[in-house]
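# quick one, fold the following:
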Amino acid sequence: MLFDLIRWALANDRFRRGFVAPALRFEILQLALTPFRATRAERLLAEAGLRLSLRAFEGREAVIYTSLFTPPELLHALGVVPFGLEAAGAGVAALGLAPQALAAAERAWAPVDACSILRAGLGMAYLGLLPRPQAVVATSSLCDSTPKVMAAAARLYGAPFFLLDVPYEATPPALAYLAGQLEDLTGSLAAIAGRAPDPARLTEAVRLSNEARGHLDRLTAQRVACPGVLPPGDGQGFLYPINLLLGSPAGATVFRAFAEEAAGRAQRPLPHVRGPRVLLLHVLPYFRHHILDTLQAAGACVVFEEMSQVYWPEMDPSQPYLGLARRCIAHFDNGPLERRTEAVLELARRFAVDGALHFSPHGCRQSWGALQVLRDALAAAGMPLLELEGDCVDARGCPEGQQRTRLMAFVEALGQRTGEGNRATDERR
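Okay, the predicted model is just below:
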């Protein structure tokens, strides 16, 4: 797969020209070395993402731009290619090309106070470096920038734009309302792709989604029982498979591999977690950053990440639209802030954490607006929260020296508060 990607990238005009070529060649070299330095699960996740991107750029199948939290099961069932604009923004950050992409978006009058991940993806589209979509789909949650940026992408390509209006509460009328939207969307995308909806394929996609969910749930239980069983940073990468691979065989395979690897590590002696336990809230930067390394060097253990939790119930394959609607509404960041606060407190108790780290990206009003409520709730439960301000895609917006100092001081303060090895673990659980 990696050699196929190399051959394709070198032949593709979008990646041969301009500022992308040198960075992409370097990234391809890094990917070529991946089999020698990554676990099997990490390789499977990288390959699944690359394979999906390759299908999108080849142009042989219908490509549908999606935002986070658009149910990918619908697209896999239709045999079309989901392409995440946020994933493109994260990818350009990993390539170190965010400034150029953001500048392109700003030249097209994208507001600088909007989500930089979405702006970077949109900038790549304005530069002509993304596959052409046949349709663009977004949800009304979770980010207020999402519908506007996705609609701008649809206008750029002259593609139809669909917005799923996600209610706040999972009442029967609300579930029926969203399920109806999902069914209508399936029919519209099927017509665009030139095929008829296949109920059997949708049932299978939901079954595969449930299978992936079960593996992720099992992995979470293993992480509770054996902190540190998942390498630092792996959980932050789960946002991609949860939002683009669910409903595909690759999604089930990836999460099965992570759960199996964690179970294998749990059978071997692992270093005892002596330092403070930290819960990661929201997301971390997508460029190469220092945060996890600094926490580890300071003696802290990241035991879980808010974005990798299983927040949705298992779905009934015989009622796919209703199940997908329930999952959309159930997201901890959808609806009243109390939902997210309760979810964070439950994670903190379940993983017996000593404190939480919240990275607040510039332009993310949802995370900034919730911060003080989360801080107060965690403080009342005896767990302090450290906020780091910065940018998720542009390294120029992250003062590394200042962040390192604050992280080191935070971990030291947690150690003094808790006393290494003397936590009231049982009481918190």
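# rest of the way, CA atoms for contacts and neighbours
Fine.
# could you give the separation of the host helix or strand of residue 213 from the chain centroid?
Per DSSP states H and E: residue 213 is located in helix 199-225. Mean C-alpha position of helix 199-225 versus that of the full chain (C-alpha atoms, centre = their mean, to the nearest Å) differs by 16 Å.
# cool, and stretch 40-47?
Using C-alpha atoms, centre = their mean, the offset of stretch 40-47 from its chain centre is 16 Å.
# that older thread, does anything pack onto the helix holding residue 213? Which helices or strands?
Judged by 3 or more C-alpha pairs under 8 Å, 6 or more residues apart in numbering; DSSP states H and E, helix 199-225 is in contact with helix 72-78, helix 249-266, strand 301-305, helix 320-330.
# how about stretch 355-368 as PDB, C-alpha atoms only?
Extracted as PDB, the C-alpha positions of stretch 355-368 are listed here (Å, rounded to 0.1, in the frame of the first residue of the first chain):
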ATOM      1  CA  GLY A 355      -5.900  16.400  36.900                       C
ATOM      2  CA  ALA A 356      -6.900  17.300  33.400                       C
ATOM      3  CA  LEU A 357      -5.300  19.100  30.500                       C
ATOM      4  CA  HIS A 358      -7.400  21.200  28.100                       C
ATOM      5  CA  PHE A 359      -5.800  22.400  24.900                       C
ATOM      6  CA  SER A 360      -7.900  25.400  23.700                       C
ATOM      7  CA  PRO A 361      -7.400  26.000  20.000                       C
ATOM      8  CA  HIS A 362      -7.800  29.500  18.700                       C
ATOM      9  CA  GLY A 363     -11.100  29.900  16.900                       C
ATOM     10  CA  CYS A 364     -12.800  27.000  18.700                       C
ATOM     11  CA  ARG A 365     -15.600  28.900  20.500                       C
ATOM     12  CA  GLN A 366     -17.200  25.700  21.800                       C
ATOM     13  CA  SER A 367     -14.100  24.600  23.800                       C
ATOM     14  CA  TRP A 368     -13.400  28.100  25.100                       C
END
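# list the buried residues for that stretch?
Counting neighbours by 16 or more other C-alpha atoms under 10 Å, one finds that the buried residues in stretch 355-368 are 355-365, 367-368.
# among those residues, which two are most distant?
Between any two of the buried residues of stretch 355-368, the greatest separation by C-alpha to C-alpha is 24.7 Å, found for 355 and 363.
# and the strands in the stretch 51-200 of the chain, which stretches?
Read by DSSP state E, counting those that start in this stretch, the stretch 51-200 of the chain holds these strands, from start to end of the chain: 63-66, 81-84, 135-139, 161-164.
# out of the ones you listed, nearest to residue 262?
strand 81-84 (28.0 Å).
# just how off-centre is that closest one within its chain?
Between the mean C-alpha location of strand 81-84 and the chain-wide mean there is a distance of 14 Å, by C-alpha atoms, centre = their mean.
# what's it packed up against?
So strand 81-84, by 3+ C-alpha pairs under 8 Å, 6+ apart, packs with helix 40-58, strand 63-66, helix 72-78.
# direction included, what does the second one pair against?
Paired with strand 63-66 in the same sheet, following DSSP bridges, are strand 81-84 (parallel), strand 135-139 (parallel).
# ok and the longest one relative to helix 320-330, angle-wise?
Calculated by axes from the mean of the first three to the mean of the last three C-alpha atoms, to 10 degrees, strand 135-139 forms an angle of 50 degrees with helix 320-330.
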